[in-house]
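Participant: Got a predicted structure here, sequence first:
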Amino acid sequence: MKALNSIVTAIPPSATLAISSKAAELKAKGEKICAFAAGEPDFDTPDCIKRACAAALEANKTRYVAAAGLPALREALCEKLATANKISYEPSQVIVANGGKHALSQVFLTMLQPGDEVIIPAPYWLSYPEMVRVAGGTPVFVETHVEDHFLMTPEQFEAAITPRTKAVVICSPSNPTGMMYTPDQLRAIGEVAIKHDLWVVSDEIYERMAYGEVEQASMASFGPEFYDHTVTVNGFSKTYAMTGWRLGYAAAPKPFAKALSSLQSHMASAPNTFAQWGALAALKEGEPEVQKMVAAFKTRRDRIHALISAIPGVKCPKPQGAFYVFPNIAEYGMGSLEFAQRLLEAKHVAVVPGIAFGNDRCVRLSYACSMENIEEGVGRMAEFCAELRK
Ligand SMILES: Cc1ncc(COP(=O)(O)O)c(C=O)c1O
C-alpha cells in the first residue's frame, strides 16, 4: 500500500479513549457511572427549533443552498452579530458550516501556509492543534497557569511570536477551564496581534454560558483594526443544545470570507438545508429557552465549584463560563491520566484527564449533567481523594 498522508497518520488517538472505553465496560457490567465527560448540553433541543426543521422538511426544503449557507440564516446571523456582539458583518462575510469544528478547520485551511505557526494558549480545546497541523501549520503552545486563571498574558503572547507566526487562537469562555478574558484583557491580546499583523481566531462558541462575573466581549468589536485581524467563530451546538445538528459559522473580513466560502463550496457544497431552517428559528425564537438553560448551568456551576473546592489539596479557580471546571489535582502526586483512571476504577467517576488539553496537573469535569450526578460524583471524588491522603 502506498504511504498515507504523514500529517494525518501522525494524529495521536485521543487521550480520553482509555477512560471512555473503561467507563463503557463498567456500564455494560451494570455499574452506575457518574459521568462528567460530556462536552455537550444535557438539554434537548428546544421545540421551536425542531418544529421549524420539521416544517422545512415537510415543505421539501431538502436541496442544496448557497455554499456559504442559507441567505436568510446568514442575514439573521448578521443581525445577531450586530446586536449581541456589536460587530457589523454583511451576509457575504458569514459562512455557515457543518459545526463550529468544521468552520474552524476551514478557517485554518484558508489561513495557513506550510510551516506557519499558530499560537495556542494551553490548556486548549484538543482539536485546535490537530486542525492547525492538518492545515500545514505548526501549533505553538503558551502554557498558562492556575494562578493566572489559565489566561495568557499579552507578555506571554508577545514572547511566543516569531517571524513564522500567523495567528493566535483565543477561546473565551474557555474549554476546558471555563475561564474568561475580561474585555480589557482581550483588547490587550488584540493589540499585540495588530502590532505584529497576526490573525486572531476568536472562538466564541461558549459566549452564552457566561455567568455574569466577567463581561463577555468579542474581539472584532473593539475597533476597525481588531475587526480586520479577527475571524469570529461560533455555533449553535452549545447555546441551543444542537450538538447533533452540526451547524456553526465563521465571520471574517471580506477577502477572507470569500476564500473561505470558495473552499467550503468544494469541501462540503453547503451545510444541511433543513437543519439551517431550524437554526433560523433558534435565532428568532430560542432566547427564552437559552435563558433557562444558562440559569440551570449557573446553579450547577456554583454547586460543583463549592463541592470541588472543599476537597483538601484541590485548587480550582471559579470558572466564569462554559460548563466545565478544571481542578488542579497535582497535590495527589500523579499525572492526570493516572488520576482519572484510578478515580474511575475505584469510584466509577468519569472525568477527562487534563493531559488531553495540554495540562497534566488538572482534570476536567463537565457539569452538563444532573445536580444528582454532581452531588454524588463529586462526593465520590472527595472520598477518593481522602483515601489517597491516608
Ligand atoms: C471550544 C470549542 N470550540 C468549538 C467546538 C465545536 O463545536 P461544534 O462543532 O459542535 O459546533 C467545541 C465543541 O466541543 C468546543 O468545545
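Facilitator: Yes, it's here. Numbering: from 1, shown residues only.

Participant: how about the residues of the stretch 201-350 of the chain near the ligand?
Facilitator: 203, 205, 235, 237, 243, 248 (CB under 6 Å from any ligand atom). All C-beta atoms are positioned from the backbone trio N, CA, C, and that covers glycine.

Participant: Now do the second one against Thr16, distance only.
Facilitator: Ile205 is 19 Å from Thr16, where distance means CB to CB, to the nearest Å.

Participant: show me where this protein has strands.
Facilitator: Remark: strands assigned in the chain by DSSP state E are 34-35, 94-97, 117-122, 138-143, 165-171, 199-203, 230-235, 248-251, 324-325, 349-350, 352-353, 363-366.

Participant: can you list those in JSON lines and add mean neighbour count?
Facilitator: Below are the strands of the chain laid out as JSON lines (neighbours: other CB atoms under 10 Å):
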{"stretch": "strand 34-35", "mean neighbour count": "22"}
{"stretch": "strand 94-97", "mean neighbour count": "28"}
{"stretch": "strand 117-122", "mean neighbour count": "24"}
{"stretch": "strand 138-143", "mean neighbour count": "16"}
{"stretch": "strand 165-171", "mean neighbour count": "23"}
{"stretch": "strand 199-203", "mean neighbour count": "26"}
{"stretch": "strand 230-235", "mean neighbour count": "27"}
{"stretch": "strand 248-251", "mean neighbour count": "28"}
{"stretch": "strand 324-325", "mean neighbour count": "28"}
{"stretch": "strand 349-350", "mean neighbour count": "26"}
{"stretch": "strand 352-353", "mean neighbour count": "26"}
{"stretch": "strand 363-366", "mean neighbour count": "27"}
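
Participant: any chance of those strands in TSV, with mean pLDDT too?
Facilitator: Below are the strands of the chain laid out as TSV (pLDDT from 0 to 100):
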stretch	mean pLDDT
strand 34-35	94
strand 94-97	98
strand 117-122	98
strand 138-143	98
strand 165-171	98
strand 199-203	98
strand 230-235	98
strand 248-251	98
strand 324-325	98
strand 349-350	96
strand 352-353	95
strand 363-366	96
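
Participant: out of those, which comes closest to Val65?
Facilitator: Closest to Val65 of the strands of the chain is strand 94-97 (CB to CB; 9.0 Å).

Participant: can you list the residues that contact that closest one?
Facilitator: 68-70, 73-74, 77-78, 81, 103, 106, 247-252, 257, 260-261, 264, 268, 271, 276, 279 (CB atoms under 8 Å, 6 or more residues apart in numbering).

Participant: Out of the residues you listed, which end up buried?
Facilitator: Buried members of those, scored by 16 or more other CB atoms under 10 Å, are 68-70, 73-74, 77-78, 81, 103, 106, 247-252, 257, 260-261, 264, 271, 276, 279.

Participant: and Ala66, how many neighbours does it have?
Facilitator: Ala66 has 16 neighbouring residues, counting by other CB atoms under 10 Å.

Participant: Distance-wise, check it relative to Glu331.
Facilitator: 54 Å.

Participant: now do Arg164
Facilitator: Arg164 is 38 Å from Glu331, by CB to CB.

Participant: Gly30 too?
Facilitator: Noted for Gly30: a distance of 34 Å to Glu331, by CB to CB.

Participant: quick one: contacts for Asn234?
Facilitator: 100, 203-205, 207, 248-249, 251.

Participant: ditto for Ala52
Facilitator: 277-278, 280-281, 285.

Participant: so which of those is the most crowded?
Facilitator: With neighbours set by other CB under 10 Å, the maximum within the contacts of Ala52 is found at Gly278, which has 28 neighbours.
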